[in-house]
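> what's the 3D shape of this:
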Amino acid sequence: MADNCFVVAVSLLYLQIIRYFCETKFKGIKKTLKIAGFSVGGIILFLALVYIALQTSPIQNVLSKVILSELSKKLHTKVTVGKIDYRFFNDVTIHDLYVEDLQKDTLLFVKEVNAHFKFWKFFRGKVIFS
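I've put the predicted structure just below:
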């Protein structure tokens, strides 16, 4: 009888230990999944906000001014743009593009230019338009 009580006590203790570690493990898995879910959700939200921000005219104007000032510095001449429409992640439409040459003569004036570029290479410092 004493052996049976000892076996039952050890079995109950063993079951409690197993239950403790299983609950702890499931809590850890739940916590990990919750953190992963918030991380993925945060990344998706960030990309959506960047996409929406790039579709607004004020952001496009600021970006065009920065790009045009850099281009003017590199070419040592005047470059102006009327309007820029940026679509999705790799299409740009440039309206009223004007480029002067070094003698202050019109080198290029185009009413509308459609350009396609590789989005990820843009972040590596390489801008290739086609």
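
> low-confidence ranges, this structure, go.
The model of the chain has pLDDT under 70 over residues 1-15, 18-28, 88-89, 119-130.

> which parts of it are helices?
Assigned by DSSP state H, the helices in the chain fall at 2-54, 57-75, 119-122.

> next, find the distance separating the residue nearest to Thr106 when sequence neighbours are not counted from Ser72.
Spatial nearest neighbour of Thr106, excluding adjacent residues (C-beta to C-beta, 6 or more residues apart in numbering): Glu100 at 6.5 Å. Every C-beta, even on glycine, is put in place using the N, C-alpha and C of the backbone. Distance of Glu100 to Ser72, computed by C-beta to C-beta, to the nearest Å: 9 Å.

> what touches both of these two?
Both Glu100 and Ser72 are in contact with 78-79, where contact means C-beta atoms under 8 Å, 6 or more residues apart in numbering.

> right, and the residue nearest to Thr106 touches Phe109 too?
No. Judged on C-beta atoms under 8 Å, Glu100 makes no contact with Phe109 at a distance of 9.6 Å.
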